[in-house]
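Enquirer: Curious how this folds, go ahead:
(2 chains)
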Amino acid sequence: MSLVADKVTVRAGGCSLIHEISVEARPGELLAIMGPNGAGKSTLLHAMSGARQIAGGQVQLEGRNIQDWPADRLARQRAVLAQSVELHFPFTVREVVKLGRLPHGEAHLDVVDEAMQLVGLTGLSKRSYLTLSGGERQRVHLARALAQVWPTQDSGQRVLLLDEPTNNLDPRHQHEILSLAKQWAEGGAIVAAILHDWNLALRFADRAVILQRGEVAVPVQPVAQALTPEHLHAAFGLKLQALRDGGGATWITPA
Amino acid sequence: MERGGTARRRIGSTGAEKRLRRKIFDNPLPTSQFRPVDSRGQRDLNARVGLIVLCLLAAALGLMLGPTDLSWSQIGHALLHQADGPTNTIIWNLRLPRLLLGALVGSALAISGAALQGLFRNPLADPALIGVSSGSAVGAVTAVVLGSRWAWPPWLEAWLLPFCALAGGLVVTWLIYRLARGSVESRVLTLLLVGLALNALAAALVGMMLYLANDAQLRRFTFWTLGSLEAATWERCAALTLIVVPGLVVLPRMAKPLNALLLGEAAAYHLGVSVESVRRVVIFGCAWMVAGAVASSGMIGFVGLVVPHMVRLLLGPDHRRLLPWSAVAGGAVLVLADVAARIVDPPRVLPIGLLTALVGAPFFLWLVWRDQRWREGES
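Expert: Residues are numbered from 1 along each chain as shown, chains lettered A, B, ... in the order given. Predicted coordinates:
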C-alpha cells in the first residue's frame, strides 16, 4: 500500500533532473526528503505526485502506476502542498481552503472549517487571501491540502506530499505543522515532506533520504541513521557535529 | 461522490490526534487582529439586484431612445402590433433585433473575457490574446477586398463578411493552440508568445489587404473595425443565437476547474482537474463566441476586459458567480452603449466600438492604477 518510486528518471531540456531514484514512502510514517538546493527534491516529489512526466522507471501507488490513475480519482486520495502558489485573485481564506474539496463534489463540506481550525486559521476565514502574510498563506494552502485528503469512511490510502511545508513559518508554526504532519502519518496516511532543517527532521520524521545532484546519496533509512554528521557533511559540504541534550535527543550543529 | 455510509472517521479519533486537537484548542494560535469582513451575503444580493435592474433599464432605454423617441404606451402598443405602421416597424424591425443582437454580442464578449482571464490567471487578459479578433479582422478584410472581385448572389453577399470573419477567428485561434502544444511546462506562457507572433502576422496580412484595397473598401473595413449594431436583422440574431447559446451553456460548466486553475496548473492537476481538456474547452468555446460576435457586429473592444472586472468587484472572483453574471452584465452594458451611440449625434449613429473604447480605456487605466496601489499596500 506504499507510494513507491522505482528507479525514477525525469528529464528536462536534454539533461536528467533526477536519475534512477528509488524511494518508498510507507503508510504510518513521515518520510523526510533532504538534500542541498538543486538536488532534485521537488522534481522527485512532483514525479511521486503524478504531476511530472517520467522518462524512466515508475511510481506506484497501491501497486498501480501513478500515471494510470485518473486525475480526479487520484485527487481524492493524494494532496500536495507546493513550495509556492501564486494566486492573484481576491478569494477569501475559506474559499481557497474549500477548493481542496473540489475532487469530492459537495460531500463533507464541514471538513473545510475543521481543516482551518487545525492549522489555526479560524479567525481569518473571511479575510481576503491577498491581504495575508507569507506564513498565513502557507497555512491556508496546508489547510487546503488537509481538507482534500481529510479522512472519511470512503477514502482509500491517503497521501500527503509537502514541499518545504515550513517555508515562511515562524518557529512555533514550524513545530505545529510538522507535528500535524506526523499525527497524520500516525493516523495511517503516507506523508513525505521536503525539509531543510535536519534538527526538525530528526525530531519529527521517521525515516529520511538524502539526495544529491539528482541521485540518492543516502538511501531511505531510519532518521537517526540517515542524518548523521558524516552523511550531511558529504551532502552539504558543511562541517557538523552531533550534540546530545539532557533528554537524550540528538542535535546537529556546525562544528 | 458520497458512497456507502456517511458516518466518517473524524480526524480526532485516534489518541494522538485527540492530544493534538486538545493542544491546539486549549492554546489557540494567535491570529491577526483584523476585524473579519462582513458576510458577503447582503452585498451579493444587492449586487445581483443591481445588475438585474441594469438589464431592465437597458432593455427599456433600448426600445425608447433613438432618432425617434417612443413613449411607454407607444412601445406597449407596438409590441402587441396595435400601434401605427411606422411605430410597429421601428419596434419590430429595428429596435427589437438591435436589442437582441446587442445583448447577445455583449454576453458573448463578457463571458469569454471572464473565462480567459481565469484560464490565463491574469485579470487583465482579453480575448485578443488567443488571436480571435485579429483572425476575424483578416477574414473580414479579405471578404471586403477580394470578395468584390467576383459576382455573388445578393443573399450570399450579405453573409460573406460574417462568415469569413468567423472562419478567420477560429482558424487563427486553432493555429495558436496547435503551435503552443509542444511544450509541457508553462503552457500559458508559450500560448501568450505564440499568440503575440500570430497577432503580428495577422496584422501584416490585414495591412497587405488594405494595400490592395480601393477607397470604398478601405472605408468599409475601417468602419467594420469600429464596430456597429447597424446590421441587426432577425436572421442575424438567429444565427448569432445558435452560436452564442451553446457557449453560454458550456462555459459556466468550467467554473469549478477554472477556480482551481487560479492556483496554477500543477495545483489544479493535484486537485484532479484535467488541465488540458479545460484549456481546450475554454479556448475554443471563447473563440467560437467571440468570433461569432465579431462577425455579426465588428470589433467591439473593452467589453470583454472591463465587464468581468466590474462583476468581480461586485461578486468576488468565484467563477460560478462570475461567468453567468458577466454574461448578464455584458449584455446590459453593450445595449446601453448602443443607446448612447444612437443619441449622441442624431440622426447619425456613432460606431459603438468607438464608444466602448472611449469609456473603457479610462476605466481600464483606473483598474491598473487601483491594482498597483493594492499591490503596494500588500507588500
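
Enquirer: Nearest residue to the closest residue to chain A within chain B in space, ignoring adjacent ones along the chain?
Expert: Nearest residue of chain B to chain A (C-beta to the nearest C-beta) works out as B:Gly272 at 2.8 Å. For every residue, glycine as well, the C-beta is placed using N, CA and C. Leaving aside its sequence neighbours, B:Gly272 sits nearest to A:Ala75 (C-beta to C-beta, 6 or more residues apart in numbering or on different chains; 2.8 Å).

Enquirer: Hmm, that neighbour is touching B:His270, no?
Expert: Yes: using C-beta atoms under 8 Å, A:Ala75 is in contact with B:His270, at 6.5 Å.

Enquirer: neighbour-wise, which of the two wins?
Expert: B:His270 (29 against 25; other C-beta atoms under 10 Å in any protein chain shown).

Enquirer: thinking that one is in contact with A:Val80, fair?
Expert: Yes: assessed by C-beta under 8 Å, B:His270 is found in contact with A:Val80 at 4.4 Å.

Enquirer: Can you pull the residues that touch both of these two?
Expert: A:49, A:51 (C-beta atoms under 8 Å, 6 or more residues apart in numbering or on different chains).

Enquirer: need the contact list for the residue of chain B closest to chain A.
Expert: A:71-76, A:102-103.

Enquirer: so which strand or helix has the residue in the stretch 101-250 of chain A positioned nearest to chain B?
Expert: Across the stretch 101-250 of chain A, the shortest distance to chain B (C-beta to the nearest C-beta) belongs to A:Gly120, at 3.2 Å. Using DSSP states H and E, no element contains A:Gly120; it sits outside every helix and strand.

Enquirer: what's around it, how many residues?
Expert: Residues near A:Gly120, counting by other C-beta under 10 Å, number 20.

Enquirer: Kindly report the same for A:Ala224.
Expert: By other C-beta under 10 Å, the residues close to A:Ala224 number 13.

Enquirer: what's the regular element (helix or strand) spanning it packed up against?
Expert: For A:Ala224, the element it lies in under DSSP H and E is helix A:223-226. Packed against helix A:223-226 by the contact rule (3 or more C-beta pairs under 8 Å, 6 or more residues apart in numbering or on different chains; DSSP states H and E) you find helix A:198-204, strand A:207-212.

Enquirer: taking these together, which one is wrapped up most tightly?
Expert: strand A:207-212 (a mean of 24; mean count of other C-beta atoms under 10 Å in any protein chain shown).

Enquirer: Was I right to think A:Asp145 contacts A:Ala75?
Expert: To be clear, residue A:145 is Ala; Asp isn't right here. No: taking C-beta under 8 Å as the definition, A:Ala145 is not a contact partner of A:Ala75, at 11.0 Å.

Enquirer: Mean confidence (pLDDT) on stretch B:290-305, please.
Expert: The pLDDT scores in stretch B:290-305 average 90.

Enquirer: I meant to write stretch B:127-138 there.
Expert: Stretch B:127-138 comes out at a mean pLDDT of 88.

Enquirer: With only the CA atoms kept, save that stretch in PDB.
Expert: Output in PDB follows, covering the C-alpha atoms of stretch B:127-138 (Å, rounded to 0.1, in the frame of the first residue of the first chain):
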ATOM      1  CA  PRO B 127     -10.000  37.700 -26.000                       C
ATOM      2  CA  ALA B 128      -7.400  39.300 -28.300                       C
ATOM      3  CA  LEU B 129      -4.800  37.100 -26.600                       C
ATOM      4  CA  ILE B 130      -6.000  33.900 -28.300                       C
ATOM      5  CA  GLY B 131      -5.900  35.600 -31.700                       C
ATOM      6  CA  VAL B 132      -9.600  35.500 -32.400                       C
ATOM      7  CA  SER B 133     -10.100  39.200 -33.000                       C
ATOM      8  CA  SER B 134      -7.100  39.600 -35.400                       C
ATOM      9  CA  GLY B 135      -8.100  36.400 -37.200                       C
ATOM     10  CA  SER B 136     -11.600  37.800 -37.700                       C
ATOM     11  CA  ALA B 137     -10.100  41.000 -39.000                       C
ATOM     12  CA  VAL B 138      -8.100  39.100 -41.600                       C
END
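
Enquirer: Tell me which residues are up against that stretch.
Expert: With C-beta under 8 Å, 6+ apart, stretch B:127-138 has contacts from B:109, B:112-113, B:116, B:120, B:165-166, B:168-173, B:175-177, B:191-192, B:195, B:198-199, B:202-203, B:205-206, B:209, B:225, B:283, B:286-287, B:290-291, B:294-295, B:299, B:304.

Enquirer: Please list the members of the residues you listed that lie in helices.
Expert: Judged by DSSP state H, the subset of these located in helices is B:109, B:112-113, B:116, B:165-166, B:168-173, B:175-177, B:191-192, B:195, B:198-199, B:202-203, B:205-206, B:209, B:225, B:283, B:286-287, B:290-291, B:294-295, B:304.

Enquirer: who's in contact with residue 79?
Expert: All of this refers to chain A. A:Ala79 neighbours (C-beta under 8 Å, 6+ apart): A:100, A:144-146, A:148-149, A:159-161, B:270.

Enquirer: you looked at the wrong chain, it should be chain B
Expert: B:Ile91.

Enquirer: Distance check, it against B:Ser73.
Expert: Noted for B:Leu79: a distance of 11 Å to B:Ser73, by C-beta to C-beta, to the nearest Å.

Enquirer: got it, and B:Val244?
Expert: For B:Val244, the distance to B:Ser73 - C-beta to C-beta - is 32 Å.

Enquirer: quick one: low-confidence parts of the stretch 201-350 of chain B?
Expert: Applying pLDDT under 70 to the stretch 201-350 of chain B picks out no residues at all.

Enquirer: near chain A, which residues of it?
Expert: Taking C-beta under 8 Å from any C-beta of the partner chain as the criterion, the stretch 201-350 of chain B approaches chain A at residues B:256, B:259-260, B:262-264, B:266-267, B:269-274, B:312, B:316-318.

Enquirer: Give me the buried entries from those residues.
Expert: Using 16 or more other C-beta atoms under 10 Å in any protein chain shown as the burial test, these include B:256, B:259-260, B:262-264, B:266-267, B:269-273, B:312, B:316-318 as buried.

Enquirer: B:Val244 and B:Ser73 - which one has more neighbours?
Expert: The residue with more neighbours, out of B:Val244 and B:Ser73, is B:Val244; 25 against 9, by other C-beta under 10 Å.

Enquirer: Am I right that the more buried one sits in a helix?
Expert: Yes: using DSSP: H, G, I helix; E, B strand; the rest coil, the assignment for B:Val244 is a helix.

Enquirer: For burial, what's the neighbour tally of the closest residue to A:Gly134 other than its chain neighbours?
Expert: Excluding the flanking residues, the one nearest A:Gly134 by C-beta to C-beta, 6+ apart is A:Asn168, at 3.8 Å. When counting by other C-beta under 10 Å, one arrives at 15 neighbours for A:Asn168.

Enquirer: I'd guessed A:Asn168 sits against A:Arg139; true?
Expert: No: the criterion here is C-beta under 8 Å, and A:Asn168 misses it with A:Arg139 at 9.2 Å.

Enquirer: quick revisit: quick one: buried ones out of the ones in helices among the contacts of stretch B:127-138?
Expert: Judged by 16+ other C-beta under 10 Å, buried ones among those: B:109, B:112-113, B:116, B:165-166, B:168-173, B:175-177, B:191-192, B:195, B:198-199, B:202, B:205-206, B:209, B:225, B:283, B:286-287, B:290-291, B:294-295, B:304.

Enquirer: give me the low-pLDDT residue ranges for the stretch 151-255 of chain A?
Expert: A:155.

Enquirer: If anything else comes up later, I'll come back, but that's it for now.
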